[in-house]
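# structure, please.
(chains A, B, C and D)
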Number of protein chains: 2
Amino acid sequence: MMAMDDAVRMERAIGSRIALATAVDVAHAAGVSQATVSRAFTPGSSISEATRDRIFRIAEQLGYQPNLIARSLTSGRSNLVGIGIENLRNPFFSETLEAMSLELAKAGLRSMLFTTRDDETADTPVQDVLRYRLDALVLVSATFSSGFASQCQAARVPVILYNRTNGDERISSVTGDNVFGARALAAFLIAGGHRRFAFIAGLEDSSTSRARESGFNAYLSEHGFAAPLRATGDFTYEGAAAATRRLLLSPDRPDAIFCANDHMATAAIDIAQFEFGLEVGRELSIVGFDDIQAASRPCYSLTTFAQRADLMVRATIDIIRGLRANDAPAAPVHRIINGELVIRTSARRPTRSAITASTT
Amino acid sequence: MMAMDDAVRMERAIGSRIALATAVDVAHAAGVSQATVSRAFTPGSSISEATRDRIFRIAEQLGYQPNLIARSLTSGRSNLVGIGIENLRNPFFSETLEAMSLELAKAGLRSMLFTTRDDETADTPVQDVLRYRLDALVLVSATFSSGFASQCQAARVPVILYNRTNGDERISSVTGDNVFGARALAAFLIAGGHRRFAFIAGLEDSSTSRARESGFNAYLSEHGFAAPLRATGDFTYEGAAAATRRLLLSPDRPDAIFCANDHMATAAIDIAQFEFGLEVGRELSIVGFDDIQAASRPCYSLTTFAQRADLMVRATIDIIRGLRANDAPAAPVHRIINGELVIRTSARRPTRSAITASTT
DNA sequence: TTGAAAGCGCTAACAT
DNA sequence: ATGTTAGCGCTTTCAA
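I've put the predicted structure just below:
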């Protein structure tokens, strides 16, 4: 017996990687069966406290760590959640990612990160989702190929669209209240006495940008204003900077600009201030959407509609948990998380505030 | 045979999750052995082109995706790299994370994200690194418990410290040239005619902050200047804001502040400008380190020492690849990536520039 | 080039 | 409460 153990050990030391102790090793050392070791590490399984303690002690001595890969193989659950994200330069996304990963960890789930660049197709990440048998996939980004989500659905991997939708009702989503928020901002700007509006859009095919735009436009039109000027900023700083230049050079310069998100709004403020010498909040009002951290900095002091990323993340995790709990292909969930208007100084304020009242 | 297939299908449909096709399924359908299917999906294994094509075709029909979990179990490699990161609010880190994940994907590796909060111990993530048999761990964050890295080393999981070191030479690291950069900034400030210096530190136990501080101080002292004033900003915006207030209220207000990173420098600029009404770059000079995107924005226009995150990430991946290629416990690697001084307007410029010459 | 067979380390019935 | 056994889906010798 000793000889064999030595041989095994030898082999391991020579092998390409020195294997960690396995449940069998622990079992031998503890004089129990391997199944008992497994039980010791499975909460809620029937095992006497004495043996469990002994196994734990020996496991620690041997540096045993249960191999979760092997566990996944048998259990069919990987406890891995994919997070597809595209633009970490937008602080809203990096804040989201941090919160998401933290919350997933609390729920006992690990985060597998998929980043993409605009120019590449997202087929490789897709495959990985399936190939690693991820328990769920959260899509924060927009550039994943169209058939992607449905492919996952087919493979019974729950997909949750975060901060966007794709028109397919069968795919769960968590979004902010884009239409309400955009209307609230429109109301605020109208109440502030603005007359010539502009909108800086994100990516043209973004549901989020479109929802915000339509809410904004609808409110304006309902109150007798012409459709706003329009430029596209692609959700990037540079894109929004260029869009702002175009708008501010146009013959009928707007007196209020609504940017589809804060990230772009900071660009707009920079351009208005430093290239056009405008005093933002007096000569030109700029508002955004999200309430990223930079929005509260004095150099921006951005009036915006705050999204509750914390609640959005929580809702996402709730959905994942729900879908995991149910074995049946549960019905898709669509959660809309309320936000609120945050008034700072980047937009002229109304004298009297009948804002909330007129938001309906 | 048909009956059995049906039974199997039945079982699957009833089971908790509908299993994807396996290699056995494909093998049956293709009339080959399961091993052959495995070969078809293993690049470089000996298989005729005809059979591989046929297997691919059938695999596609069946929606087969090789189970990478199972592959990991046999191969002993997970192709997973852990990324430990703490503060995604610092743009340098989110930019790094994006680049890292993208580059890892190019190398065929997946990223598993570990985020931590200051208040929690990082033991849980540690366990996961071992338990998921990660191929490597990149530590961007600082708050992992001290015994952590050595525990991984013991388990033969290569650990790479990114943008920091921990004094243990046995652990690989990739850092910027902190001392050189800090000296370059000191030289620039001295050449600009500044006389009363201050330093805003990051976390006190951060090797990065300490290296930058000592480089800065050394250069100052070598040129006959007193040690700078000092305040701690903890690498956060709020911390740096508070530190700046303290410094600017001190009896001998500094005329130049070096912040241990750009993220804090933006806070310092905000406070100097908006709370103290100082014209940054004329009445008070502020410099940072990293060259994050915000540094080039007009509202900050920060003079800083640029870190090449792209090269740092590349170097990290090279190390991982090297360590993975070698089966032997390869010697730790310590890479220092050069950066460069980026001169903008947040610090008064020297009239003549003998900066580079005097940096040695 | 292909097949057969032996695991990888674990979970989960089924016995005892 | 514990042991026995049969897989999970793959890779990898070893034969043919």
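# and A:Leu130, how far from A:Phe93?
In this view, A:Leu130 and A:Phe93 are 24 Å apart by CB to CB, to the nearest Å. C-beta: built from backbone N, CA, C; applies to glycine.
# between those two, which has more neighbouring residues?
The neighbour comparison of A:Leu130 against A:Phe93 (other CB atoms under 10 Å in any protein chain shown) goes to A:Phe93, with 26 against 21.
# what helix or strand is that one located in?
helix A:91-106 (DSSP states H and E).
# which other helices and strands contact that helix?
Counting contacts by 3 or more CB pairs under 8 Å, 6 or more residues apart in numbering or on different chains; DSSP states H and E, helix A:91-106 is packed against strand A:80-85, strand A:110-115, helix A:262-270, helix A:309-325, helix B:91-106, strand B:110-115.
# most tightly packed of these?
Of the helices and strands packed on helix A:91-106, the one with the most neighbours on average (mean count of other CB atoms under 10 Å in any protein chain shown) is helix A:262-270, at a mean of 28.
# and the angle for the helix or strand just after that helix with helix A:262-270?
Where DSSP H and E defines the elements, the next helix or strand beyond helix A:262-270 is strand A:285-290. In terms of direction (axes from the mean of the first three to the mean of the last three CA atoms, to 10 degrees), strand A:285-290 departs from helix A:262-270 by 160 degrees.
# okay, now the sheet partners of strand A:285-290, with direction.
Applying DSSP bridges to the sheet, strand A:285-290 is found paired with strand A:256-259 (parallel), strand A:303-306 (parallel).
# so it versus helix A:91-106, what angle?
Going by the same axes, to 10 degrees, strand A:285-290 makes 20 degrees with helix A:91-106.
# can you pull out the residues in contact with strand A:285-290?
A:92, A:176, A:178, A:181-182, A:185, A:188-189, A:192, A:194, A:212, A:255-266, A:268-269, A:272, A:280, A:295, A:302-307, A:346-348 (CB atoms under 8 Å, 6 or more residues apart in numbering or on different chains).
# excluding its backbone neighbours, what's nearest A:Arg54?
Closest residue to A:Arg54 apart from its sequence neighbours, by CB to CB, 6 or more residues apart in numbering or on different chains: A:Ala30 at 5.8 Å.
# so the one you found touches A:Ile55, yeah?
Yes. Under the criterion of CB atoms under 8 Å, A:Ala30 makes contact with A:Ile55 at 5.3 Å.
# what touches both of those two?
With CB under 8 Å, 6+ apart, A:Ala30 and A:Ile55 have common neighbours A:Thr36, A:Val37.
# more neighbours, those two?
Between A:Ala30 and A:Ile55, A:Ile55 has the larger neighbour count (other CB under 10 Å), namely 24 against 19.
# that's a helix at that one, yeah?
Yes. Assessed with DSSP: H, G, I helix; E, B strand; the rest coil, A:Ile55 lies in a helix.
# OK, contacts around it?
When contacts are counted by CB under 8 Å, 6+ apart, A:Ile55 touches A:Val26, A:Ala30, A:Val32, A:Thr36, A:Val37, A:Ala40.
# highest neighbour count among those?
A:Val37 (28 neighbours).
# quick one: low-confidence parts of chain A?
Chain A contains residues with pLDDT under 70 at A:1-18, A:118-124, A:142-147, A:149, A:324-329, A:352-360.
# near DNA strand C, which residues of it?
Counting by CB under 7 Å from any atom of the strand, chain A comes close to DNA strand C at A:19, A:22-24, A:34-35, A:38, A:41-42, A:64, A:66-67, A:70-71, A:73-75.
# just the buried members of those residues?
A:Ala19, A:Thr22, A:Ala23, A:Ser38, A:Phe41, A:Tyr64, A:Pro66, A:Asn67, A:Ala70, A:Arg71, A:Leu73 (16 or more other CB atoms under 10 Å in any protein chain shown).
# surely A:Ser172 and A:Leu161 touch.
Yes. If you go by CB under 8 Å, A:Ser172 and A:Leu161 touch, sitting 7.0 Å apart.
# mind putting the helices and strands packed on helix A:91-106 into JSON lines with distance to A:Leu284?
As requested, these are exported to JSON lines (distance: least, CB to CB, whole Å):
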{"stretch": "strand A:80-85", "distance to A:Leu284": "32"}
{"stretch": "strand A:110-115", "distance to A:Leu284": "35"}
{"stretch": "helix A:262-270", "distance to A:Leu284": "9"}
{"stretch": "helix A:309-325", "distance to A:Leu284": "28"}
{"stretch": "helix B:91-106", "distance to A:Leu284": "27"}
{"stretch": "strand B:110-115", "distance to A:Leu284": "38"}
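# now the closest residue to A:Asn87 other than its chain neighbours: how far from DNA strand D?
Ranked by CB to CB, 6+ apart and with sequence neighbours excluded, the top spatial neighbour of A:Asn87 is A:Phe93, at 5.9 Å. From A:Phe93 across to DNA strand D, the span is 33 Å (CB to the nearest atom of the strand, to the nearest Å).
# still on that earlier bit, a markdown table for the strands paired with strand A:285-290, including distance to DNA strand D and mean neighbour count?
As requested, the strands paired with strand A:285-290 are arranged in a markdown table below (distance: least, CB to the nearest atom of the strand, whole Å; neighbours: other CB atoms under 10 Å in any protein chain shown):
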| stretch | distance to DNA strand D | mean neighbour count |
| --- | --- | --- |
| strand A:256-259 | 47 | 31 |
| strand A:303-306 | 45 | 26 |
